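Engineer: build me a structure from this.
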Amino acid sequence: MPYPSVEALRAAYHFEDLQSFLNLYYAGMNVLQTEEDFFDLASAYFGRARSQGVVHAELFFDPQAHMSRGIRFETVINGLHKAVAASKKTYGLSSSLIMCFLRDQSAGSAMSVFDESLAFGDKFVAVGLDSAEVGNPPSKFQKVFDKARAEGFITVAHAGEEGPPEYVWEAINLLKVSRIDHGVRSLEDDRLVATLREQAIPLTVCPLSNVKLKVFDKMADHNIKRMLDLGLNATINSDDPAYFGGYVDDNFRAVVNALNLSREDEIKLCRNSINAAFIEPSEKAQYLSQLEKSSIAN
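Structural biologist: Coordinates of the predicted model:
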């Protein structure tokens, strides 16, 4: 997707919806060609995230988006995994990978990619579902998620961002997910809210992305404060930060400032993130202890 000028490219970052972002996102990834390219990209992200206080990151990647333009699966996974393996030593940050299926591609394509990925199954911890949500319900991918769980992988899914609460129900009941990515439209369904609360299912909310993609008109309209008040396990995350204007701390600050969150709310968001992470219980206990000490000291 060529742009006649720098100004035209910058203008393309003013998204109208999720699809307008995806068009630019897929065009931009054409620069990723070699294993080293994927290593450099992930490593740069880890360094930026650590500078904002992140101690553990779980990175989504979309192999189909690269394979469709002739890049081999092993090139993608090996480059990303080398960055994951080096992240602790280089930045003092632990990390892992989540392989996502593109929901606007076929279920057969997802199954084919998953079958190919099994040779590299030690390099990622979970499978997920992302890309264009409307018209592509989670139920479309039930078989590949069943197979992924049978192979021992954790499952997550983007649901309830642009799609309806019914997509969140499908992700929970059919895909058996451990987390819902985004999920902001869940609040439209009281019974769903009760289920999310009772099962303590984490919601990985990306506020800056939500505003950029017109899910909310402005940050002051965001419902993450209401999520906390309803007892939901909401967390703050960064979604494609280079496109949406901010990394994790930027998202955190934007929410705190726009919604006047209390110190208790801030601590709750941090605690929720620790509990939602795919790390060992001993690591969670260590981070929770550090959070408790920090909250007392402040």
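
Engineer: now the strands for the stretch 101-250 of the chain?
Structural biologist: Assigned by DSSP state E, counting those that start in this stretch, the strands in the stretch 101-250 of the chain fall at 126-130, 154-159, 179-182, 203-205, 234-236.

Engineer: for the fourth one, which strands pair with it and how are they oriented?
Structural biologist: When you say that, I think you mean strand 203-205. Next to strand 203-205 in the sheet, as set by DSSP bridges, lie strand 179-182 (parallel), strand 234-236 (parallel).

Engineer: same check on the first one?
Structural biologist: Paired strands of strand 126-130, with direction, are strand 94-102 (parallel), strand 154-159 (parallel) (DSSP bridges).

Engineer: what mean pLDDT does the longest helix anywhere in the chain get?
Structural biologist: In the chain, with assignment by DSSP state H, the single longest helix is helix 73-91. The average of the pLDDT scores along helix 73-91 is 97.

Engineer: that helix to strand 94-102, inter-axis angle?
Structural biologist: Orientation of helix 73-91 against strand 94-102 (axes from the mean of the first three to the mean of the last three C-alpha atoms, to 10 degrees) gives an angle of 150 degrees.

Engineer: just the CA coordinates of helix 73-91, formatted as PDB?
Structural biologist: Provided in PDB are the C-alpha atoms of helix 73-91 (Å, rounded to 0.1, in the frame of the first residue of the first chain):
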ATOM      1  CA  PHE A  73       6.800 -20.100   9.700                       C
ATOM      2  CA  GLU A  74      10.200 -21.000  11.100                       C
ATOM      3  CA  THR A  75      11.600 -17.600  10.200                       C
ATOM      4  CA  VAL A  76       9.000 -15.900  12.200                       C
ATOM      5  CA  ILE A  77       9.000 -18.100  15.300                       C
ATOM      6  CA  ASN A  78      12.800 -18.500  15.500                       C
ATOM      7  CA  GLY A  79      13.400 -14.800  15.300                       C
ATOM      8  CA  LEU A  80      10.800 -13.900  17.900                       C
ATOM      9  CA  HIS A  81      11.900 -16.700  20.200                       C
ATOM     10  CA  LYS A  82      15.500 -15.700  20.100                       C
ATOM     11  CA  ALA A  83      14.300 -12.300  21.400                       C
ATOM     12  CA  VAL A  84      12.200 -14.000  24.100                       C
ATOM     13  CA  ALA A  85      15.200 -16.200  25.200                       C
ATOM     14  CA  ALA A  86      17.400 -13.100  25.500                       C
ATOM     15  CA  SER A  87      14.900 -10.700  27.100                       C
ATOM     16  CA  LYS A  88      15.600 -11.600  30.700                       C
ATOM     17  CA  LYS A  89      19.400 -11.300  30.400                       C
ATOM     18  CA  THR A  90      19.200  -8.200  28.100                       C
ATOM     19  CA  TYR A  91      16.500  -6.300  29.800                       C
END
